[in-house]
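Chemist: when you get a sec, could you give me coordinates for this:
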Amino acid sequence: MSKKITGARLVVDNVYKNFGDKQVLKGIDFEIEAGKFLAIVGRSGCGKSTLLRLLAGLETPSTGEALLDGFSIDSIREDTRMLFQEARLLPWKRTVENVQIGMKSRNYEQALDSLSQVGLSDHAQEWPSVLSGGQRQRVSLARALVSSPRLLLLDEPLGALDALTRIDMQNLIENLWLEQQFTTVLVTHDVDEAVALADRVILIEEGQIAFDVNITLARPRERNNDFIYFEKLILDRILQRGKHEQKDQVYAI
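Modeler: All right, here's what the predicted structure looks like:
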């Protein structure tokens, strides 16, 4: 029997975003079915983090609209949570208290259960300062998931972790997503990470969607020839753009 999908359907409809005279997003259009996992990749400054902030309700489009289950995202929503590269834990609160911040009820047992889901039930009473970087991000993930969000936004949450801890966290995020079926949008520079986690990868270049590919790999995913095929497909598209930019710079000299 298949699990009930708790995620929300996301629609981004012809979104433009300007900051003064600078146009950061230029007509972004895509849809994500409920419970799916989308990764957004691209070079620094391409607009991917701005797009994620729009989905979180932290920014509003200059024109166009983003909708969650048909309702416009024009402010921060209770059913949406965001995970950043920094864990952003309060150092004067213990681990379980940091998780309790993520819910209105501040229910202690619920917070402990969320810590258990990320493998940190034994660290409930510890201070953030004694936790490793990976453990702090697990606490941050537990805080994000304790309120059972329908949309989880991930803004380079594993970028500061070492390689082994990063793979461990990727597996944890994937397992929790498979279990809870929330809709997920991941912004990352790491194409390997995007292919490992996502159902679909979108490449943004200069504020526009330049490439969109479905990752048709079975789960759990192995880094085999099929995996390498998708990774190379996306990397080649990114590097192709980079070569064009270098040629333009040479001609301009």
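Chemist: okay, now the sheet partners of the host helix or strand of residue 31, with direction.
Modeler: Using DSSP states H and E, residue 31 falls within strand 22-32. With DSSP bridges as the test, strand 22-32 is paired with strand 10-19 (antiparallel).
Chemist: next one: the partner strand to chain centre, how far?
Modeler: 17 Å (Cα atoms, centre = their mean, to the nearest Å).
Chemist: and stretch 207-222, by the same measure?
Modeler: 14 Å.
Chemist: residue boundaries of the helices in the stretch 101-250 of the chain?
Modeler: 108-117, 133-145, 163-180, 191-197, 225-252 (DSSP state H, counting those that start in this stretch).
Chemist: export these to JSON lines and tack on distance to residue 29, mean neighbour count and mean pLDDT?
Modeler: (Each C-beta comes from the backbone N, C-alpha and C, glycine too.) Listed next are the helices of the stretch 101-250 of the chain as JSON lines, based on distance: least, Cβ to Cβ, whole Å; neighbours: other Cβ atoms under 10 Å; pLDDT from 0 to 100:
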{"stretch": "helix 108-117", "distance to residue 29": "35", "mean neighbour count": "18", "mean pLDDT": "95"}
{"stretch": "helix 133-145", "distance to residue 29": "27", "mean neighbour count": "23", "mean pLDDT": "95"}
{"stretch": "helix 163-180", "distance to residue 29": "24", "mean neighbour count": "16", "mean pLDDT": "93"}
{"stretch": "helix 191-197", "distance to residue 29": "20", "mean neighbour count": "23", "mean pLDDT": "96"}
{"stretch": "helix 225-252", "distance to residue 29": "18", "mean neighbour count": "13", "mean pLDDT": "74"}
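Chemist: quick one, which of these is nearest to residue 45?
Modeler: Closest approach to residue 45 among the helices of the stretch 101-250 of the chain (Cβ to Cβ): helix 225-252, 12.1 Å.
Chemist: what count of nearby residues applies to residue 78?
Modeler: 10 (other Cβ atoms under 10 Å).
Chemist: got the phi and psi for the residue nearest to it when sequence neighbours are not counted?
Modeler: Leaving out its chain neighbours, the residue that sits closest to residue 78 by Cβ to Cβ, 6 or more residues apart in numbering is residue 147, at 7.3 Å. Backbone geometry at residue 147, expressed as degrees, to the nearest 10, gives phi -100, psi 10.
Chemist: ok, now how distant is residue 147 from residue 102?
Modeler: 5 Å (Cβ to Cβ, to the nearest Å).
Chemist: returning to what we had before: output the helices of the stretch 101-250 of the chain in CSV; the columns should cover distance to residue 69.
Modeler: What follows is the helices of the stretch 101-250 of the chain, written out as CSV (distance: least, Cβ to Cβ, whole Å):
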stretch, distance to residue 69
helix 108-117, 24
helix 133-145, 19
helix 163-180, 17
helix 191-197, 23
helix 225-252, 29
